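Q: just coords:
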């Protein structure tokens, strides 16, 4: 009888331990499911969007923002988390800066790249999305895992373009930390 009661007690403790662990896994997985929505999707219209650049969330302190440049030169930046500018900002991007980005894209073979570089089994990497319009067509590339190293050159140029703008605040949001 003691062995039977002891067996039942052990099973109850194991079940309780597994339930707590299961709950912890569910709680830990919530950011993975909500991370893509942590960034407001930019308004992308292939007819008037010249380029866009978006960085998504990870489990750490990855920058989360979106940046869009329209055909009229208007640039919109939406900083969400782990960036210097939190909120919505606007600027006027000059044509030579956009032309420079397109030259870099051509140099690295951007327009011949796959549309997606990813592995769903790797969960702690941010998704970086880019889109560049050339000859009336918007080429999009999303990268998270095993993307060509040459994309880093494009990202550096886009980061530099963002940093070298005179931004006007549209609205300042609070960080999502």
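A: In hand now; what should we look at? A quick note: this is a predicted structure, and the numbers were derived from the prediction, not measured.
Q: show me where the chain has strands.
A: 49-55, 64-70, 74-81, 87-92, 116-117, 128-134, 137-143, 168-171 (DSSP state E).
Q: right, and those - which one's nearest residue 99?
A: strand 49-55 (10.0 Å; Cβ to Cβ). Every residue, glycine included, has its C-beta placed from N, CA and C.
Q: hmm, back to that, so for residue 109, which of the strands of the chain sits nearest?
A: strand 137-143 (10.8 Å).
Q: so where's this protein uncertain?
A: Filtered on pLDDT under 70, the chain yields the residue ranges 1-47, 173-177.
Q: what's the closest non-adjacent residue to the residue nearest the centre of the chain?
A: Centroid-nearest residue in the chain: residue 56, 1.9 Å away (criterion: Cα atoms, centre = their mean). Spatial nearest neighbour of residue 56, excluding adjacent residues (Cβ to Cβ, 6 or more residues apart in numbering): residue 127 at 4.2 Å.
Q: for the one you found, what are its contacts?
A: Neighbouring residues of residue 127 by Cβ atoms under 8 Å, 6 or more residues apart in numbering: 36, 55, 56, 118, 142, 143, 144.
Q: And residue 85, by the same measure?
A: 65, 77, 79, 167.
Q: same question, residue 83
A: Residue 83 neighbours (Cβ under 8 Å, 6+ apart): 63, 64, 65.
Q: Phi, psi for it please.
A: phi -130, psi 160 (degrees, to the nearest 10).
Q: Relative to residue 122, how far out is it?
A: Going from residue 83 to residue 122 by Cβ to Cβ, to the nearest Å gives 23 Å.
Q: and if you look at residue 148?
A: Taking Cβ to Cβ, one finds residue 148 at 17 Å from residue 122.
Q: In stretch 54-72, which residues are buried?
A: By 16 or more other Cβ atoms under 10 Å, the buried positions in stretch 54-72 come out as 54-58, 62-70.
Q: got the contact list for residue 73?
A: By Cβ under 8 Å, 6+ apart, the contact list for residue 73 reads 92, 93, 94, 95, 98.
Q: Buried members of those into ChimeraX, please.
A: In ChimeraX syntax, the buried subset of the contacts of residue 73 is picked out as below (16+ other Cβ under 10 Å):
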select :93,98
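Q: my guess is residue 52 meets residue 65, correct?
A: No: counting by Cβ atoms under 8 Å, residue 52 does not reach residue 65; the two are 11.0 Å apart.
Q: coming back round to it: same drill for residue 148 and residue 122, tell me which one is more crowded.
A: residue 148 (16 against 10; other Cβ atoms under 10 Å).
Q: Now that one: closest residue in space that isn't a chain neighbour?
A: residue 113 is the one closest to residue 148 (Cβ to Cβ, 6+ apart), at 6.5 Å.
Q: circling back to that earlier point, please convert the buried members of the contacts of residue 127 into ChimeraX selection syntax.
A: Per 16+ other Cβ under 10 Å, the buried members of the contacts of residue 127 correspond to this ChimeraX selection:
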select :55,56,142,143,144
